[in-house]
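Student: here you go, sequence then predicted model.
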Amino acid sequence: MLIYPQVNIPDEIVRKNAVHYDIAGKTERDLTKEMNTKGPFSARGPFSKDGPRYWGLTTPSVFWTYDTKQIDSGGCALIRPNVVVTITIILPHLTTSSQASGSFLGKWMKLLNALRNHEEGHAQIAIKEGADLVQLMRTHSSDDTCKDLDNYLQTHGKAILERYENADDDYDKRTNHGADRGVHW
Ligand SMILES: [Zn+2]
């Protein structure tokens, strides 16, 4: 039996970008209208300028790469394993907060927090997906041949990507896009 060297698989790299779009107004009606017309388009589904806009949006991307190397003593091991998760969260920014009444501002902060929490839930899905890919490489970092190693990782990696394919939609369905958790006036 061959004993392969232990391969160090680093944790995933998570990059988070925060993007804001400006809205203005002093009433719930004002801000709803602003968010409905200035909010981001969905990155999922068919892109259309006439498509629905969202009050907040999270765009995650998960990349995983690796190389394989023949070991002199036999077998093949992973080299340069890498998982990078990039998450962009778009949220509204109220530019006229100084003009709003305290009670209205309180209501707005509550809604914005709920929206932020909802988007954070999307971010966590992508982070979990990245962690699963890291785990896959940790549990199978070498094999008898490079072809075996690559086949194994591609098959199981594909299964992980497929498992997460509808995770964001499921999350939105489950939470009614956050409305069940406070994303409403
Ligand atoms: Zn959502």
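Tutor: Received, thanks.

Student: for the top strand by length along the chain, which helices and strands make contact with it?
Tutor: In the chain, assigned by DSSP state E, the strand with the most residues is strand 76-94. On a contact count with 3 or more CB pairs under 8 Å, 6 or more residues apart in numbering; DSSP states H and E, strand 76-94 meets strand 13-23, helix 28-38, strand 57-70, helix 102-139, strand 142-143, helix 146-165. All C-beta spots, glycine's among them, are computed from the backbone N, C-alpha and C.

Student: how about 7 Å then?
Tutor: Where contact means 3 or more CB pairs under 7 Å, 6 or more residues apart in numbering; DSSP states H and E, strand 76-94 is packed against strand 13-23, strand 57-70, helix 102-139, strand 142-143, helix 146-165.

Student: relative to that strand, what are the paired strands and their orientations?
Tutor: strand 13-23 (parallel), strand 57-70 (antiparallel), strand 142-143 (antiparallel) (DSSP bridges).

Student: if you compare the directions of that strand and helix 146-165, what angle comes out?
Tutor: Angle of strand 76-94 versus helix 146-165, following axes from the mean of the first three to the mean of the last three CA atoms, to 10 degrees, is 20 degrees.

Student: so where's the chain uncertain?
Tutor: 1-5, 43-51 (pLDDT under 70).

Student: what's the most buried one of the strands paired with strand 76-94?
Tutor: Mean neighbour count (mean count of other CB atoms under 10 Å) peaks for strand 142-143 among those, with a mean of 20.

Student: so how far is it off the chain centroid?
Tutor: Chain-centre distance of strand 142-143: 30 Å, with CA atoms, centre = their mean, to the nearest Å.
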